[in-house]
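Novice: Fold the following.
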Amino acid sequence: MSKVAIVGSCITRDLWPIVGAEPSDLLYISRTSLPSLFARPLEGVETAQEPPHGLGVFTHRAMVNDLKKRALAALVAYQPTHIIFDFIDERLDLFCVGGTIVTHSWELDVSGYLAQPAFEGAATISRTSTACDLLWLQAADEMAAFIQSTPLRDAVLIVHEAQWATGYQDEAGELRDFADVVEIFQGKPAPIAEHNAMLDFYQPAFRARLPQAVSVTASPDLHLASAQHRWGLSPFHYVDDYYREVWSGLKALGV
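Specialist: Coordinates of the predicted model:
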């Protein structure tokens, strides 16, 4: 029986409920970035036992794990048979602070933690900047070395390749176009074309470092968002047929 780990986003985690399945065993690592995964913990940050108002238990834990750098140890301890990577959460900017790097997620924004002294002097590294590209490539090298030097090398590695949708189905089933720039979360605009160019850069770069990884993707015509998606309208909340096609590819790989 498979034990699946996801290092990615809801585009992969949503597969199970959307196709009417439930994994018997699943580790889901999200709200992070490859450069943040391999950075050291942020010193001095104080995190609450219970999620601050407005945050769920899982989303708060994912954000805290990014600050405390717990994900890689959890990944090795989990002993997955399959690891699925997707890079949709790589849309988030990074903070350089306290000699380390953390992910600037919506959860971090609303948690209240940014007001703590640990975040004093935090500098933003824009996701679509050359600096972020260089950090990401270095971290991709580290991920490849990490996998090869741990029992993770025995897992089936899968890259769920995706693109942000440029159009969507509205509530009535009519096709509409997104604006060229959308908000990732309040106050964080993101040009769709720039993020798709980034994914076109990240995905083959990652596969080049881990040539044993298998790519799974949906047909270009299924990169279509849906206003009826369980999490609402977004360029990476797709129509159900998208998930069904990716699911079929994963099942063929033993997931």
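Novice: Against D240, how distant is the residue located most distally from the centre of the chain?
Specialist: Each residue of the chain has a distance to the centre, and by Cα atoms, centre = their mean the biggest one is for A172: 29.7 Å. Relative to D240, A172 is positioned 16 Å away (Cβ to Cβ, to the nearest Å). The way it works is simple: take the backbone N, C-alpha and C, and place the C-beta from them, glycine included.
Novice: How about A118?
Specialist: 42 Å.
Novice: Show me where the chain dips below the pLDDT cut-off.
Specialist: Of all residues in the chain, none has pLDDT under 70.
Novice: just so I have it, where are all the helices in the stretch 151-255 of the chain?
Specialist: Along the stretch 151-255 of the chain, counting by DSSP state H, counting those that start in this stretch, helices occupy 192-209, 240-252.
Novice: Now render those helices as TSV, adding distance to D141.
Specialist: Formatted as TSV, the helices of the stretch 151-255 of the chain follow (distance: least, Cβ to Cβ, whole Å):
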stretch	distance to D141
helix 192-209	6
helix 240-252	26
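Novice: And those helices: which comes nearest C10?
Specialist: helix 240-252 (10.6 Å; Cβ to Cβ).
Novice: residues in contact with that closest one?
Specialist: 14-15, 18-19, 21, 84, 158, 160, 216-219, 222-224, 226 (Cβ atoms under 8 Å, 6 or more residues apart in numbering).
Novice: And those residues, which two are furthest apart?
Specialist: I158 and S226 (23.8 Å).
Novice: got the CA positions of stretch 167-182 in PDB?
Specialist: Provided in PDB are the C-alpha atoms of stretch 167-182 (Å, rounded to 0.1, in the frame of the first residue of the first chain):
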ATOM      1  CA  GLY A 167      -9.700  31.600 -18.000                       C
ATOM      2  CA  TYR A 168     -12.500  30.100 -15.900                       C
ATOM      3  CA  GLN A 169     -16.000  28.700 -15.900                       C
ATOM      4  CA  ASP A 170     -18.400  31.000 -14.100                       C
ATOM      5  CA  GLU A 171     -21.300  29.800 -12.000                       C
ATOM      6  CA  ALA A 172     -23.500  29.400 -15.100                       C
ATOM      7  CA  GLY A 173     -20.800  27.400 -16.900                       C
ATOM      8  CA  GLU A 174     -19.800  30.300 -19.200                       C
ATOM      9  CA  LEU A 175     -16.200  30.800 -20.100                       C
ATOM     10  CA  ARG A 176     -14.600  34.000 -18.800                       C
ATOM     11  CA  ASP A 177     -11.000  35.400 -18.800                       C
ATOM     12  CA  PHE A 178      -9.100  36.400 -15.800                       C
ATOM     13  CA  ALA A 179      -7.500  39.800 -15.600                       C
ATOM     14  CA  ASP A 180      -3.800  39.800 -16.400                       C
ATOM     15  CA  VAL A 181      -3.000  40.500 -12.800                       C
ATOM     16  CA  VAL A 182      -4.800  38.700  -9.900                       C
END
